[in-house]
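>>> Requesting a structural model of the entry that follows:
(one chain, ligands or ions: 1)
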Amino acid sequence: MSLTKEMLRIRRFEEKCAELYTQEKIRGFLHLYIGEEAIAVGVNQALAPTDAIVSTYREHGHALARGIKMGPLMAEMYGKREGCSRGRGGSMHVFDAATRFYGGNAIVGGGLPIAVGLALADKMHNRANVTVCFFGEGAVAEGEFHESMNLAALWQLPVLFVCENNLYAMGTALAISESETDIHRKAESYRTASTAVDGMDVVAVESATRGALETIRKGGGPAFLECRTYRFRAHSMFDAQLYRPKAEVEAWKKRCPIERLERWAVEAGILHESDLASVDAEVAREVQDAVAFAEAGSWEPVADLLRDVQTPGIVP
Ligand SMILES: Cc1ncc(C[n+]2csc(CCOP(=O)(O)OP(=O)(O)O)c2C)c(N)n1
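Okay, here's the model as predicted:
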């Protein structure tokens, strides 16, 4: 039940964000995670509260699954002071030190060296934490990917690299941009324990994560998980998605991770249709309350514009 609920919270939160975006309540860029929820939820189920997470610009799912409250997350989307990054980050830069959520990041691959740094700090201080780094398959074309993989393996750092392979980096198909499309093989070449998993199956993701974490926690160095997935929506709100066939999108939608788990649970007699309806209602209320929280939030006064901003020559 908690797995379906956690995935549904992400789905409904983002559907509401898309709606609010068309109403211009949420501005800037908005990258939705719809379709990929099983990864955020599956991985997070296996983590300890002291572990750290580094994410991408498609991070709302990771943030919610990690335990950032929906109200402050929605307020962040609005750019309100009550947001988890005090409204300074917005959709792409959600941050919450309390849950060791070290940020969304607008730069493709930008989170990888940050994760390696966090893991190095944990190792140097003898703290038994793991840092999980989420990134898209587009990031493997970046130098930062290779530098990070190399150092993590060389220094045997406690990092779990989670590649969310949704086959497209914006409009660039993996098959026409990489000579090796089995991404986890790239990690193998850095002598890192690596495996691929069905990213549309939350139970499979959770179990693969537990396996990988066991190796890392025993001091076995980093591990790599390639989760094969698909985004059901466009890359961002500005994308006409002319680069992928409609039939392909429809075929992947049939593998929806939420419907799949719900169907299985009902058929196995673990859940009843009425349980699903009540979870649905509960999540709808949570989203409604989050919107009310964000709407009631406040704007930062213009006088505070330079607070916490470093500008050469200007000391606020
Ligand atoms: C260093 C850098 N180069 C280019 C971009 C522009 N850009 C934004 S998203 C994106 C595609 C990334 O795809 P992927 O890493 O597979 O993640 P996904 O969007 O599929 O989750 C690109 C090229 C960027 N933000 N940063």
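
>>> Output the below-cut-off pLDDT ranges for the chain.
Counting by pLDDT under 70, the chain has low-confidence residues at 314-316.

>>> what does it put close to the ligand?
The chain has residues 58, 106-108, 136-139, 164, 166, 168-170, 235 near the ligand, with proximity defined as Cβ under 6 Å from any ligand atom. Bear in mind the C-beta positions are built from the backbone N, C-alpha and C, glycine included.

>>> Quick one: buried ones out of the residues you listed?
For the residues of the chain next to the ligand, a burial check counting by 16 or more other Cβ atoms under 10 Å picks out Arg58, Val108, Gly136, Glu137, Gly138, Ala139, Glu164, Asn166, Tyr168, Ala169, His235.

>>> and Arg12, how many neighbours does it have?
For Arg12, the count of nearby residues is 18 (other Cβ atoms under 10 Å).

>>> could you list every residue that touches Arg231?
Leu32, Tyr33, Ile34, Gly35, Glu36, Arg58, Asn166, Tyr168 (Cβ atoms under 8 Å, 6 or more residues apart in numbering).

>>> Could I get those in TSV, plus columns for secondary structure?
Shown next, in TSV, are the contacts of Arg231 (DSSP: H, G, I helix; E, B strand; the rest coil):
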residue	secondary structure
Leu32	coil
Tyr33	coil
Ile34	coil
Gly35	coil
Glu36	coil
Arg58	coil
Asn166	coil
Tyr168	strand
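
>>> which among the residues you listed gets closest to Val159?
Among the contacts of Arg231, Arg58 lies closest to Val159 (Cβ to Cβ), at 19.6 Å.

>>> got the contact list for that closest one?
Taking Cβ under 8 Å, 6+ apart, we find Arg58 in contact with His31, Leu32, Tyr33, Glu36, Gly136, Glu164, Arg231.

>>> where do the strands sit along the stretch 51-200 of the chain?
All strands of the stretch 51-200 of the chain, identified by DSSP state E, counting those that start in this stretch, fall at 52-54, 131-136, 159-165, 168-169, 172-173, 193-198.

>>> again, but for the stretch 201-316 of the chain
Counting by DSSP E, counting those that start in this stretch, the strands of the stretch 201-316 of the chain are 223-228.

>>> Verify the contact between Thr209 and Cys227 for me.
No: counting by Cβ atoms under 8 Å, Thr209 does not reach Cys227; the two are 9.5 Å apart.

>>> Give me the common contacts of those two.
Val162.

>>> So for those two, which sits in the more crowded spot?
For the pair Thr209 and Cys227, the greater number of neighbours falls to Cys227 (30 against 24), based on other Cβ under 10 Å.

>>> That one touches Val202, doesn't it?
No: between Cys227 and Val202 there is no contact under Cβ under 8 Å: 10.5 Å.

>>> joint contacts of these two?
Here Cys227 and Val202 share the contacting residues Ala38, scored by Cβ under 8 Å, 6+ apart.

>>> of all of the stretch 101-250 of the chain, which residue lies closest to the ligand?
Closest residue of the stretch 101-250 of the chain to the ligand, Cβ to the nearest ligand atom: Gly136 (2.2 Å).

>>> which residue packs closest to that residue, ignoring adjacent ones?
Of all residues not flanking Gly136 in the chain, Glu164 sits nearest, at 5.5 Å (Cβ to Cβ, 6 or more residues apart in numbering).

>>> Check Gly143 too.
Leaving out its chain neighbours, the residue that sits closest to Gly143 by Cβ to Cβ, 6+ apart is Gly109, at 7.9 Å.

>>> From Tyr57, how far off is the one you found?
Noted for Gly109: a distance of 11 Å to Tyr57, by Cβ to Cβ, to the nearest Å.

>>> Going along the chain, name the helices of the stretch 101-250 of the chain.
With DSSP state H, counting those that start in this stretch as the definition, the stretch 101-250 of the chain shows helices at residue ranges 111-124, 143-154, 183-188, 202-217, 246-253.

>>> Tell me which other helices or strands the second one touches.
Read it as helix 143-154. Here helix 143-154 touches helix 111-124, strand 159-165, going by 3 or more Cβ pairs under 8 Å, 6 or more residues apart in numbering; DSSP states H and E.

>>> hmm, who's touching that helix?
Contact with helix 143-154 is made by 109-110, 112-113, 115-116, 119, 133, 135, 139, 157, 159, 161, 186-187, 190-192, 221-222, 224, as judged by Cβ under 8 Å, 6+ apart.

>>> change it to 6 Å
The contact list for helix 143-154, computed with Cβ atoms under 6 Å, 6 or more residues apart in numbering, reads Gly109, Leu112, Pro113, Val116, Ala139, Val159, Tyr190, Arg191, Thr192, Pro222.

>>> again with stretch 260-277
For stretch 260-277, contacts defined as Cβ under 6 Å, 6+ apart pick out Thr4, Val202.
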